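Trainee: got a predicted model here, sequence first, then my questions.
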Amino acid sequence: MEQANRNVFIGATDDYEAAKVVLFGAGADATTSYRPGTRFGPAAVRAESYGIETYSPYQDRDLEDFPFYDSGDLEFPFGSPVRQLEAIEARAGEILDDGKIPFMLGGEHLVTLGAVRAAFKRFPDLRIIHFDAHADLREEYLGETLSHATVMRRCYDLLGDGRIFQFGIRSGTRDEFAFMKAGHVITEPFTCRNVEKLNCCGVGKEAELLGGCDVESQPLNSLTPIYLTIDLDVLDPADFPGTGTQEAGGLHYDELRCAVTDIITRFHVVALDNVELNPSLDLSGRSTALACKFLRECLLAMSGS
C-alpha cells in the first residue's frame, strides 16, 4: 500500500487499519492540453500542510481526533494514460475492498475516471457530484477519447443518463452544452449565487434527483453511493490562479468549502477527489495553501459524515 519516499499530509495516522479515509496521490498530467504541471500537486499540498493547524475553527474539529491514512503518491509510467488509469483503479479498488473511502489527490482531471471505474464496479447505482469550471463532456479532444476534456463523458458512458450532477460549469463547447440541455447530465445553470441551492449552500431539488440520498431521511445502508469530484478550477482565478485552464467568474473559497462540506456530511460519499492544482503557475503559493486548507476541511467533514 505504501509508496517509496512516502510523505504524508499533516495529522495522518500510521495505522492503516484504524483509518476511515485513505489519501493517495495521482500526480498525472499526460493529457494536459494547455499548461502542464498538475503532476506536482499532491506533493505540494503535503509540503504545505505543515504550515497549517490540524484544527478547523469552521467545524470545531481536529485531524488529531480523526484517523486517516496517507499512502503516498502512485508511481506512473509517463505518457501512458491507459496504464495510469489502471493503476488508479487498482489502488482505489483496494481501498474500497478494505471498507475504507479512497480520497485521491490529482493530477489532471482524467485521473477521476480510474477511481470512478473502481467505485462503479462495487456500487453499480453510483452517482457523481461534479464541481468544475469546465463541462469535460467532449466525445474526443484532438482525436483522443481519454483526456481531461473528456473525463465526464467517459464517466457518463459508465453511469448513463441522469446520474451526473454538475455545479460551477461556465465553459464548454456548443456540443457539450447541447448534451447538458438534453438532460443527459444534470447541470445547474451557473451563477455564484446558484451554489446557495446546496443548502448552506444546501442541496434542494438535487436531493431528489440524486435518488433521495439525504442522510437524515434514510438509513445509511440504503443510501445512494456518491462519487464527489472537485476540480479546483471551479474557483475564481482571483482566489485560485494555480491551475492550468483558468475561467473567470468562479466560486470563492468559502462558497465552495461550505457547499462541499455540507454534501459530505449529508450524503453517502463512497469516494472523492480534489484535482487540477498546478503549483508552478502560482509562485505566491496561495493556490497551494488554499488547496491544502480545503483538503483539511474535506477530511474533517468526512469525520462527521
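Mentor: On my side now, so go ahead.
Trainee: helix or strand right after the helix or strand hosting Leu105?
Mentor: Leu105 belongs to strand 101-106 when elements are defined using DSSP states H and E. Scanning forward in sequence from strand 101-106 by DSSP H and E, the next helix or strand is helix 111-122.
Trainee: which residues are in contact with the strand holding Leu105?
Mentor: Residues from elsewhere that reach strand 101-106 (C-beta atoms under 8 Å, 6 or more residues apart in numbering): 20-28, 38, 41-42, 45, 68, 88, 91-92, 95-96, 111-112, 115, 118, 269-277, 295, 298-299, 302. Every residue, glycine included, has its C-beta placed from N, CA and C.
Trainee: now do the SS call for the nearest residue to Thr173 once chain neighbours are set aside.
Mentor: Taking C-beta to C-beta, 6 or more residues apart in numbering as the measure, Thr173 lies nearest to Arg138, with 6.5 Å between them; neighbours along the chain are not counted. The three-state assignment at Arg138 reads coil, by DSSP: H, G, I helix; E, B strand; the rest coil.
Trainee: any idea how far Asp161 is from Arg138?
Mentor: Summarising the geometry, the distance separating Arg138 from Asp161, computed by C-beta to C-beta, to the nearest Å, is 18 Å.
Trainee: neighbour count winner among those two?
Mentor: Of the pair Arg138 and Asp161, Arg138 is the one with more neighbours under other C-beta atoms under 10 Å, namely 23 against 11.
Trainee: tell me the pLDDT of that one.
Mentor: In this model, Arg138 is scored at 95, pLDDT.
Trainee: which of the contacts of strand 101-106 are buried, as a PyMOL select command?
Mentor: The command below creates a PyMOL selection of those among the contacts of strand 101-106 that count as buried (16 or more other C-beta atoms under 10 Å):
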select buried, resi 21+22+23+24+25+26+27+28+38+41+42+45+68+88+91+92+95+96+111+112+115+118+269+270+271+272+273+274+275+276+277+295+298+299+302
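Trainee: Val116 touches Leu158, doesn't it?
Mentor: Yes: Val116 sits in contact with Leu158 when judged by C-beta atoms under 8 Å, with a separation of 6.7 Å.
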